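Enquirer: generate coordinates for the sequence data below:
(2 chains)
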2 protein chains.
Amino acid sequence: MRAAIAELRRSGHRISAPRRQVLEALYAASAPVSADEIAGGLDGRFSSSDPASVYRTLELLERTGLARHVHLGHGPGRYAPASVGERDYFVCERCEQVRAADPRALEPVREAIARAFGWRVRFNHFPIAGLCPRCAEEADGAGYGS
Amino acid sequence: MRAAIAELRRSGHRISAPRRQVLEALYAASAPVSADEIAGGLDGRFSSSDPASVYRTLELLERTGLARHVHLGHGPGRYAPASVGERDYFVCERCEQVRAADPRALEPVREAIARAFGWRVRFNHFPIAGLCPRCAEEADGAGYGS
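Expert: Below you'll find the predicted structure:
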C-alpha cells in the first residue's frame, strides 16, 4: 500500500483521508470488494464514507493502474489492488462463492479456445460462471436453472 | 413463436398485444436483445412500447421457460427465445461483437475445467469475454487494457 500511495503522489494526486481509507480497505479485503462495501466500512472494520467519493477514488486508482475491477455475477463491479497480481476468477451462480485462480492454471484453457475459435479470452475481468464443486454435487439430479 | 403463444395460453396467461409484440421482437432479432432495445422497437422494425411492460413480459417468458437471458458485457441482460436452443456466447470486450457457439464445441473446455478445478461451468448465462480474432490481431503490440 505504501507503494500505491507513493505512485499516486508521483502522478500528482493528493492523498486525502478519504482516498487513504479506500486504499486501506482495498488492501485489507481478502477478495475483490464493491464500492458500496467500501463505503459501508467493510462490516465495521472501517468507518463508513461517502459512496460518491469512494467511486471517484476507485476510478482514479484504476486510471493510474493501482486497482482493477472484476464483474462477479449480477452485482456491481468489485475492486482489488493491482499489486496482488493478475487473478482469474470463478463465481458460483448458486452460492455466489468466488474462487481466485492463478492465471497460469487456466492458460491451457485459453490456448484451447484460441485454437478452436480464434478468440483471445481472459477470465480476470468477466469470470467463469457455473457451479462450485459443492453446489454441483447438490445440483445433481435437482436440475440447474438460471 | 406459435408454440410459445400456445404454451403461454396453456399456462393461463392472456396474450395481450404488448405481450405479442415482445414475442415477435424476440423471434425477429438475430441475436439476444435487451428489454430497452425491444421497447425501442428494434431500430424501427416495430413500434416502440412501454419499457415496464416489456420487462414484465420478459420476466413472464423466463418464468414459463420460453425465453432466457444472457449477460453480454457491461450492459443489461439480453434475451433470446428458449426455442432457438442452448447457445454458448463469446463477447468481445473491445468491439462488443457477440459470437454464439454450439455448446458441444465448448464441451472439451468445460470438461478440462471440471477435471482441473472441480467446477461445473457454463457459458450461456455469463459468456466468455475477451478479444475477437480481428481485435486480437489489432491489439498485438498495442496492449490490452480493461
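
Enquirer: which parts of chain A sit against chain B?
Expert: When proximity is defined by Cβ under 8 Å from any Cβ of the partner chain, chain A lies next to chain B at A:62, A:68-69, A:71, A:73-74, A:90-93, A:99, A:101, A:105, A:108-109, A:112-113, A:116-123, A:125-133, A:136, A:139, A:144, A:146. From N, CA and C alone the C-beta is placed, and that goes for glycine too.

Enquirer: filter those down to the ones in strands?
Expert: A:68-69, A:90-92, A:99, A:101, A:120-121, A:128-131 (DSSP state E).

Enquirer: need those in a markdown table (columns: neighbour count).
Expert: Formatted as a markdown table, those follow (neighbours: other Cβ atoms under 10 Å in any protein chain shown):
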| residue | neighbour count |
| --- | --- |
| A:68 | 20 |
| A:69 | 19 |
| A:90 | 23 |
| A:91 | 24 |
| A:92 | 22 |
| A:99 | 18 |
| A:101 | 19 |
| A:120 | 20 |
| A:121 | 25 |
| A:128 | 25 |
| A:129 | 24 |
| A:130 | 24 |
| A:131 | 23 |
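
Enquirer: ok, so of those residues, who is nearest residue A:50?
Expert: residue A:69 (19.3 Å; Cβ to Cβ).

Enquirer: per-domain residue ranges of chain A.
Expert: Domains of chain A are assigned by automatic domain parsing as A:2-83, A:88-139.

Enquirer: for the most centrally placed residue in chain A, grab phi and psi.
Expert: Note on chain A: the residue nearest the mean C-alpha position is residue A:32, at 3.6 Å, using Cα atoms, centre = their mean. The phi/psi pair for residue A:32 (degrees, to the nearest 10) reads phi -60, psi 140.

Enquirer: and the gap between it and residue A:25?
Expert: Plainly put, residue A:32 is 12 Å away from residue A:25 if you go by Cβ to Cβ, to the nearest Å.

Enquirer: make TSV from the ones in strands among the residues of chain A next to chain B and add pLDDT to it.
Expert: Shown next, in TSV, are those (pLDDT from 0 to 100):
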residue	pLDDT
A:68	93
A:69	93
A:90	95
A:91	93
A:92	94
A:99	93
A:101	93
A:120	96
A:121	96
A:128	95
A:129	94
A:130	95
A:131	96
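
Enquirer: return the closest of those with respect to residue B:52.
Expert: residue A:129 (28.1 Å).

Enquirer: wait, that closest one touches residue B:121, no?
Expert: Yes - using Cβ atoms under 8 Å, residue A:129 makes contact with residue B:121 at a distance of 6.6 Å.

Enquirer: for chain A, which residues score under the pLDDT cut-off?
Expert: A:141-146 (pLDDT under 70).

Enquirer: recalculate using a threshold of 80.
Expert: A:73-75, A:84-85, A:141-146 (pLDDT under 80).

Enquirer: which parts of it are helices?
Expert: A:2-10, A:17-28, A:35-39, A:51-63, A:107-117, A:133-139 (DSSP state H).

Enquirer: sorry, back to before: what's the closest of the domains of chain A to residue B:36?
Expert: Short answer: domain A:2-83, nearest of the domains of chain A by Cβ to Cβ, at 17.2 Å.

Enquirer: so who does the residue nearest to residue A:57 when sequence neighbours are not counted touch?
Expert: Nearest residue to residue A:57 in three dimensions, chain neighbours excluded: residue A:22, at 4.3 Å (Cβ to Cβ, 6 or more residues apart in numbering or on different chains). For residue A:22, the contact set (Cβ atoms under 8 Å, 6 or more residues apart in numbering or on different chains) comprises A:38, A:49, A:54, A:57, A:58, A:61.
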